[in-house]
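Engineer: Sequence and computational prediction follow.
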Amino acid sequence: MRSTTFTLTFVCLALGISAETRAEDELMSLCMATSDRKTCQCIASNIPPEKRLPAIVAMRRSNTAIQSGAPLDPSALSKEELEGLDVVVLAQASCM
């Protein structure tokens, strides 16, 4: 019974760490589309784990706007995208 509990705990922790690592990788990948690695590492370090998902969503939207050449229109963003954009902007500002 103990080995089953230990195994289950280990698997749950591994999956949680894996999801966090994937979010970190995606955040870095999206950031590096427009910034250098050092800046992106600073930005990522200033985004709390609970704010990473909204930040990733906002960065996707921002990168899409940049690639299309159209400015990002805040009035067209969802609440989650606006919150994520705020997080990213504050993180960028702390890295300047």
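Structural biologist: Ah, there it is.
Engineer: And A44, how far from R60?
Structural biologist: 15 Å (CB to CB, to the nearest Å). Heads up, the C-betas are built off the backbone N, CA and C, glycines and all.
Engineer: cool, L27 as well?
Structural biologist: 10 Å.
Engineer: Looking at those two, which has the bigger crowd around it?
Structural biologist: Counted by other CB atoms under 10 Å, L27 and R60 do not tie: L27 has more neighbours, with 21 against 15.
Engineer: Which element, helix or strand, includes the more buried one?
Structural biologist: helix 2-31 (DSSP states H and E).
Engineer: helix or strand right after that helix?
Structural biologist: That would be, after helix 2-31 and using DSSP H and E, helix 37-45.
Engineer: contacts for that next one?
Structural biologist: E24, L27, M28, C31, M32, S35, V88, A91, Q92, S94, C95 (CB atoms under 8 Å, 6 or more residues apart in numbering).
Engineer: List buried members of those by neighbour count.
Structural biologist: L27, C31, S35, V88, A91, Q92, C95 (16 or more other CB atoms under 10 Å).
Engineer: what stretches of the chain score poorly on pLDDT?
Structural biologist: Applying pLDDT under 70 to the chain picks out residues 1-24.
Engineer: If we use 50, what do you get?
Structural biologist: Applying pLDDT under 50 to the chain flags residues 1, 4-6, 11, 17-19.
Engineer: Would you mind measuring from A33 to T39?
Structural biologist: 12 Å.
Engineer: Mind checking what secondary structure A70 has?
Structural biologist: Assigned with DSSP: H, G, I helix; E, B strand; the rest coil, A70 falls in the coil class.
Engineer: what distance separates the start and the end of stretch 68-77?
Structural biologist: Its first and final residues considered, stretch 68-77 spans 16 Å by CA to CA, to the nearest Å.
Engineer: What residues of that stretch count as buried?
Structural biologist: L72, L77.
Engineer: quick one: it to chain centroid distance?
Structural biologist: 19 Å (CA atoms, centre = their mean, to the nearest Å).
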